[in-house]
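[1] Just the structure for this:
(one chain, ligands or ions: 2)
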Amino acid sequence: MTTTVGSYLATRFSQVGIENHFVVAGDYNLSLLDKLQEHPELEEVNCCNELNCSFAAEGYARSKGVAAVVVTFNVGAFSAFNGIGSSYAENLPVILVVGSPNTNESIDHNLIHHTIGTHNLDYEFEMAKKITCAAVQIKHAQDAPRLIDYAIRKCLTRKKPCYIEIPTNMATQACPAPGPLEGLLYQLPSEPNTLSKAVDAAAKLIESRSKPTMLAGSRLKSAGAEESFLTLAETLGCAVAVMPAAKSLFPEDHPQYVGVYWGNVSTKKADAILQWSDLTICAGCVFTDYSTAGWTSPQPAAHRLEADSDEVKFSGHYYGHIKLADFLDALTKKVKKNDKSLIEYRRLRPPPPLVEAADPSAPLTRQEMTRQIQGLFNSNTTFFAETGDSWFNGIQMDLPRGAKFEAEMQWGHIGWSIPACFGYSVGAPDRQIVTMVGDGSFQVTVQEVAQMVRLKKPILIFLINNYGYTIEVEIHDGPYNDIKNWNYAALIEAFNADDGHGKGYQVKTGAELAEAIEKSKTNNKGPTLIEIQIHRDDCTTELVTWGQYVALANDRPPIS
Ligand SMILES: C/C(NCc1cnc(C)nc1N)=C(/S)[C@H](O)COP(=O)(O)OP(=O)(O)O
Ligand SMILES: [Mg+2]
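    Ligands and ions are numbered 1, 2, ... in the order given. Predicted structure coming up:
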């Protein structure tokens, strides 16, 4: 049985759950795009540029679990590398496929277009190896099955991006047909002896401590361990916090939920109870300068048990090759209830903030804006918070059970949210998507709002126009944080052209915002962009605090 290299790839895309692949055409990938088009269960989604294309795929992977982006050599791939870096940093399985020059070019010793103009055509492949978990070049059709399966298998196992380079004269070449999908999906299970030793030692440690707590990290999602974490938490009965990038991975209406642990910008006094605790079971947590607010949320190493995607470590112990869900499930069978930290938290818990509605005719403030947006959330909402004060606004929001929070806190590329929420909506057409993005970020990737118009995606975008890079202002101000103002709402008319249904509103008061939100509820044939104009310095207090500590961390003198 034979097929072609392009059809082999299309079959594997469909088999692993991809229904839409994100593309920007280029002469090196056109015959490959034709082969992908031929597959009855695959539909291409076009993006305005390869940066947005790779972010759209990253967003699709957040809703569908895996994604593919297809671009052309060098001029396409180099832009896409940014979204691939994000996929790596955010633990998302994105398959980057690049159409590359004809295999004869090197043999003929030709200089060709879309290169840096040398005879070496392998530098892109070398670069890709640094930001993916697997990179392959299909130079012979007979190798295609092995290489494609290898790259996709690694991508799905590690939840990291992979790179597949397919020369323009290779996509239509005959190759063996795909074997059973099981061969591609096969993954090594947890090593049983290591698992049982890790669980015994962990259970003993927990037993030896008087006031344990739990902390959910972003890798809970990529490890598929959210349910296991919830079951362990309910068995222990302790206080449970989440890291900022893990918001919504533990239900916020749960009686054990104590808020977002983000150093001295934590919410609901989560930091107090975790500092009070003598052992925190950290699951899927990534501690960085940003996620610890400039290293201001230290817990003594002896107070942390860290369980990650495939390893567990705590003072004096390390166990590898055990899957997070397996570890949490086995630990649940061993631990006894200990709710001391939850009882103590009920003494520390601050009263919920009372946010009064502002005078509807007064100039809009950040607080009135977030009060109105909070009222929109329901169990079907996915809320995207862009890098910027949107992070801090988002972290303060309360999410009903079922609502999801998406942020790109590890990579932190401004502009990510627009293509990412577009890609996410392609993968999850029934979710209500609300995106909060700053003016600086919006200027980076705004073109993808046009694709939301094209595909009639009813995404609601709150564009916070505070006339510059406010995060940077709070970290370290200077003229470089000022940006040119646009008439953002007017862009929608440009994107609509003669067949679009996008809506754009510019609001300056609470009444105008409320009216625009009401109108958005009836616009289900395209995006609604609400440009909110607030004072440049009207930001969260958390941003001011966080900015100072991050600036201190950045400014540490070189260690001599
Ligand atoms: C410039 C930069 N970060 C540096 C940066 C620069 N370039 C890329 C691609 N990513 C980055 N994070 C950041 S956070 C701006 O404050 C974002 O401005 P904006 O979107 O307007 O949000 P705020 O006003 O709330 O800060
Ligand atoms: Mg701004």
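[2] my read: L32 touches A171, true?
    Yes - counting by CB atoms under 8 Å, L32 does reach A171; the two are 3.9 Å apart. C-betas here are computed from N, CA, C, even on glycine.
[3] Can you find which helix in this protein contains the most residues?
    helix 192-208 (DSSP state H).
[4] and it, which residues are buried?
    Judged by neighbour count (16 or more other CB atoms under 10 Å), helix 192-208 contains these buried residues: 194-195, 198-199, 201-203, 205-206.
[5] For the helix or strand bottoming out on mean pLDDT in the chain, which helices and strands make contact with it?
    Least confident helix or strand, the chain: helix 470-475 with a mean of 88, by mean pLDDT, DSSP states H and E. Applying 3 or more CB pairs under 8 Å, 6 or more residues apart in numbering; DSSP states H and E, one finds that helix 470-475 contacts helix 541-554.
[6] Figure out how far the helix it packs on is from the centre of its chain.
    Put simply, helix 541-554 sits 23 Å off its chain's centre (CA atoms, centre = their mean, to the nearest Å).
[7] Buried residues in it, which are they?
    542-550.
[8] still on that earlier bit, overlap in contacts, L32 and A171.
    Shared contacts of L32 and A171 (CB atoms under 8 Å, 6 or more residues apart in numbering): 6, 99.
[9] Next up, the contacts around whichever residue of the stretch 51-200 of the chain sits closest to ligand 2.
    Proximity of the stretch 51-200 of the chain to ligand 2 (CB to the ion) peaks at F55, 19.0 Å away. Neighbouring residues of F55 by CB under 8 Å, 6+ apart: 82-83, 86, 413, 415-416, 418-420, 423, 445, 448.
[10] at 7 Å instead, please
    Shown in contact with F55 (CB atoms under 7 Å, 6 or more residues apart in numbering): 83, 86, 416, 419-420, 423, 445.
[11] cool, and A203?
    By CB under 7 Å, 6+ apart, the residues touching A203 are 331, 334-335.
[12] Closest to ligand 2 out of the residues you listed?
    Looking across these and measuring by CB to the ion, the closest to ligand 2 is L331, at 43.8 Å.
[13] List just the nearest of the contacts of A203 to ligand 1.
    Distance ranking of the contacts of A203 against ligand 1, using CB to the nearest ligand atom, places L331 first at 37.4 Å.
[14] The closest one contacts D200, doesn't it?
    No - look at L331 against D200 with CB atoms under 7 Å: they stay out of range, at 9.7 Å.
[15] circling back: now the phi/psi pair for the residue of the stretch 51-200 of the chain closest to ligand 2, please.
    Per-residue torsions, F55: phi -70, psi -30 (degrees, to the nearest 10).
[16] got it, and V240?
    Here the main-chain torsion angles of V240 (degrees, to the nearest 10) amount to phi -130, psi 120.
[17] So it sits against A233, correct?
    Yes - using CB under 7 Å as the test, V240 is close enough to A233 to be in contact (4.9 Å).
[18] These two: which is more packed in?
    V240 (30 against 23; other CB atoms under 10 Å).
[19] looking at the sheet around that one, what are its partners?
    Here V240 sits in beta bridges with M214, Y257, going by DSSP bridges.
[20] Since that was my last question, I'll sign off now.
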